[in-house]
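Participant: How does the following fold in three dimensions:
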Amino acid sequence: MEQILRTPFLTALAEAETGTKPKPKPLRAPLFIQDAVTPWASSTMLLALWRLQETGDRGS
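Facilitator: The predicted structure follows:
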């Protein structure tokens, strides 16, 4: 037996989704094992990414 969703149910759902939510944190860069050994300046790419993300987290 089929059931039909009524319009008031759908509008309440839409209103619930538009509520205030905290701003999501930006996604971190993907991490690959190769990054741990790839030379980057005087360090490795992995450490450079971590340092960049840490300064970005402190700045926001």
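
Participant: what about stretch 39-46, distance to the chain center?
Facilitator: 25 Å (C-alpha atoms, centre = their mean, to the nearest Å).

Participant: Repeat that for stretch 27-40.
Facilitator: Here stretch 27-40 is found 18 Å from its chain centre; the criterion is C-alpha atoms, centre = their mean.

Participant: contact partners of it?
Facilitator: T44, M45, L46, L47, A48, L49, Q53 (C-beta atoms under 8 Å, 6 or more residues apart in numbering). C-beta: built from backbone N, CA, C; applies to glycine.

Participant: Just the buried residues of it, please?
Facilitator: Neighbour counts over stretch 27-40 (16 or more other C-beta atoms under 10 Å) mark D35 as buried.

Participant: first to last residue in that stretch, what's the distance?
Facilitator: 22 Å (C-alpha to C-alpha, to the nearest Å).

Participant: out of the contacts of stretch 27-40, which are buried?
Facilitator: T44, M45, L46, A48, L49.

Participant: any chance of those residues in JSON lines, plus pLDDT, secondary structure and distance to D35?
Facilitator: Formatted as JSON lines, those follow (pLDDT from 0 to 100; DSSP: H, G, I helix; E, B strand; the rest coil; distance: C-beta to C-beta, whole Å):
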{"residue": "T44", "pLDDT": "90", "secondary structure": "strand", "distance to D35": "7"}
{"residue": "M45", "pLDDT": "88", "secondary structure": "helix", "distance to D35": "4"}
{"residue": "L46", "pLDDT": "87", "secondary structure": "helix", "distance to D35": "4"}
{"residue": "A48", "pLDDT": "88", "secondary structure": "helix", "distance to D35": "9"}
{"residue": "L49", "pLDDT": "85", "secondary structure": "helix", "distance to D35": "7"}
